[in-house]
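1. Could you look at this predicted model? Sequence included:
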Amino acid sequence: MSSTESTDLGRALCIITGASRGFGRTIAREMSRLVKPGSALVLAARSGDDLRALQTELAESEAGKAGLVVECVVADVGQIEGLESIVKASKEAFSDDIDHVVLVNNAASLGDVSRYAKSFTDMAEVDSYLSLNVSSSLCLTASVLQAFPQRPGLRRTVVNISSLCALQPFRSWVLYCTGKAARDMMFRVLAEEEPDLRVLNYAPGPLDTAMLTEARSRTADPSIRTSFSDMFAQGQVLTCEASCAKLMKLLLEDSYTSGAHIDIYDLDTA
């Protein structure tokens, strides 16, 4: 851990899932500004059009003009073929002078929040959700760590985009809460097993995204639904940019305990 905040992420290979919109798109933009020339971004999502629009935007940015390589991978992380294509693109984007590999596990879905736990009798439905939201994160992370093993001069950082739902139960959100709790524990175990690795579970807070719109409109539990609607009405929803700035500060300072769950509201608001 460094005691002083760095001003950049180094000459980095940054792999970001769910990068086509929302928080993942913002992470891609911010990381592009914080990496040294010679860095590469591998952006994965299911929406090819949105990814390519982001790729064009980054190519025309200062970082792009300074030689930042931006690779798009149109992939479903819930499928093994999707994970394989992300790892392949990452290997191809890697060069010997890269000194930092950063994997951001951001891709996630809310699941069906219009129902309560007792309605989930279909194992295939639950398995499909867990494949996209849990299994994929473990398998992609393991594949990336194997593709870029520990060696002198190479830093490796794994970020899991977490949630308050990893810690607290929300009525009618059984799939989402289960998935987030499982992911947090997965990365806590990883931090114990791999002491050279920097692992962060970051809960970005309630963000102004399509997922929050879905939560406000489809949540079965009236009290949970009302709390989200009130939060939105009272302007308590955060922009992706504000939350992402806090995440980048955490990564630059690099003083968090590996494996820790850090919520944006745990951080100094200054």
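-> That came through fine. Numbers count the residues shown, from 1 in each chain.
2. And A220, how far from K118?
-> A220 is 11 Å from K118, where distance means CB to CB, to the nearest Å. Glycine gets a C-beta too; all of them are placed from N, C-alpha and C.
3. Which one's more surrounded, the two?
-> Per other CB atoms under 10 Å, whichever of A220 and K118 has more neighbours is A220, with 15 against 7.
4. Can you list phi and psi of the nearest residue to that one once chain neighbours are set aside for me?
-> Nearest non-adjacent residue to A220, counting by CB to CB, 6 or more residues apart in numbering: S172, 3.9 Å away. Here is the backbone geometry of S172 (degrees, to the nearest 10): phi 70, psi 10.
5. give me the number of residues near S172?
-> S172: 23 neighbours (other CB under 10 Å).
6. who touches it in this structure?
-> Residues counted as contacts of S172 (CB atoms under 8 Å, 6 or more residues apart in numbering) are 113-116, 219-221, 224.
7. looking at this, G205 is in a strand?
-> No: assessed with DSSP: H, G, I helix; E, B strand; the rest coil, G205 is coil; it does not lie in a strand.
8. Test my guess that it contacts D266.
-> No: counting by CB atoms under 8 Å, G205 does not reach D266; the two are 10.2 Å apart.
9. more neighbours, these two?
-> G205 (17 against 10).
10. What's the per-residue pLDDT of that one here?
-> On pLDDT, G205 comes in at 94.
11. and if you look at the one 3 residues further on?
-> D208 is assigned a predicted lDDT (pLDDT) of 85.
12. Show the contacting residues for it.
-> Going by CB under 8 Å, 6+ apart, D208 touches 237-240.
13. Restricted to strands, list those residues.
-> Judged by DSSP state E, the subset of the contacts of D208 located in strands is empty.
14. now stretch 53-67: how far from the chain's centre is it?
-> Centroid separation for stretch 53-67 versus its chain: 21 Å, with CA atoms, centre = their mean, to the nearest Å.
15. likewise stretch 141-153?
-> How far stretch 141-153 lies from its chain's middle: 18 Å, per CA atoms, centre = their mean.
16. Is A181 in contact with A166, as I believe?
-> Yes: between A181 and A166 there is a contact under CB under 8 Å: 4.8 Å.
17. quick one: which of those two has more around it?
-> The neighbour count for A181 versus A166, taken as other CB under 10 Å, is higher for A166 (21 against 18).
18. The more buried one contacts T178, doesn't it?
-> No: using CB under 8 Å, A166 is not in contact with T178; the gap is 9.6 Å.
19. Going by contacts, tell me the helices and strands next to the helix or strand of the chain with the lowest mean pLDDT.
-> Sorting the helices and strands of the chain by mean pLDDT, DSSP states H and E puts helix 62-65 at the bottom, at a mean of 84. For helix 62-65, the elements it packs on are helix 22-34, judged by 3 or more CB pairs under 8 Å, 6 or more residues apart in numbering; DSSP states H and E.
20. The helix it packs on - what's its average pLDDT?
-> 97.
21. M123 and S131: what is the separation?
-> Going from M123 to S131 by CB to CB gives 12 Å.
22. Those two: who's more crowded?
-> Neighbours per residue, other CB under 10 Å: of M123 and S131, the larger number sits with S131, 16 against 8.
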